[in-house]
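S.K.: what shape does this take:
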Amino acid sequence: MTGPTDPATGRVRITSPLSTAPAHVRSTVGQEIDEATGVGEVYMRSLIRSQLRAALTVAVTLLLTVVSLPLLFLFVPGLNDVRVLGVPVPWLILGAGVYLGVILQGWLYVRHAERAERLFTQLVEPNDPDR
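M.R.: From the prediction side, this is the model:
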């Protein structure tokens, strides 16, 4: 883009067309996600990865627990003969311990997932007065 010519020297002033362009407007994380930009995709992948990691942790822990119990009963033969209040210990472990463990893992998973979503929401909508 050429500017005005100086009559005394005959020089032409050269200016950049970008100098008159408006300044870059910063977009929010919510806008990035809504517009499906690369930045928005990174934020969404981060949330999904966090929740997937928590789910896999719960699944692997449950699998290891369920697989290890028969091995425990196999390698500790005297455990089958022990009774608490007339109930065999393996029954107590399988009937109460496993279910309590599953409930605890579910509660921890939900707590982690809600925390991740809450942090994500605060990142997306930082000025929301309800939060």
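S.K.: which strand or helix spans the residue most central in space within the chain?
M.R.: Geometric centre of the chain, nearest residue: Ser50, 2.6 Å, by CA atoms, centre = their mean. If you go by DSSP states H and E, Ser50 is part of helix 38-75.
S.K.: quick one: strands adjacent to the next helix or strand after that helix?
M.R.: For helix 38-75, the following helix or strand on the C-terminal side (DSSP H and E) is strand 83-84. Strand 83-84 pairs in its sheet with strand 87-88 (antiparallel), by DSSP bridges.
S.K.: so how far is the partner strand from its chain's centroid?
M.R.: Centroid separation for strand 87-88 versus its chain: 42 Å, with CA atoms, centre = their mean, to the nearest Å.
S.K.: can you list contacts of it?
M.R.: Residues outside strand 87-88 that contact it (CB atoms under 8 Å, 6 or more residues apart in numbering): 80-82. Yep, even glycine has a C-beta here, placed from its N, CA and C like the rest.
S.K.: among these, who's most crowded?
M.R.: Most neighbours among these, by other CB atoms under 10 Å: Asn80, with 13 neighbours.
S.K.: and that one, how close does it get to Ile48?
M.R.: 44 Å (CB to CB, to the nearest Å).
S.K.: before we move on, what about Val42?
M.R.: Where Ile48 is concerned, Val42 sits at a distance of 11 Å (CB to CB).
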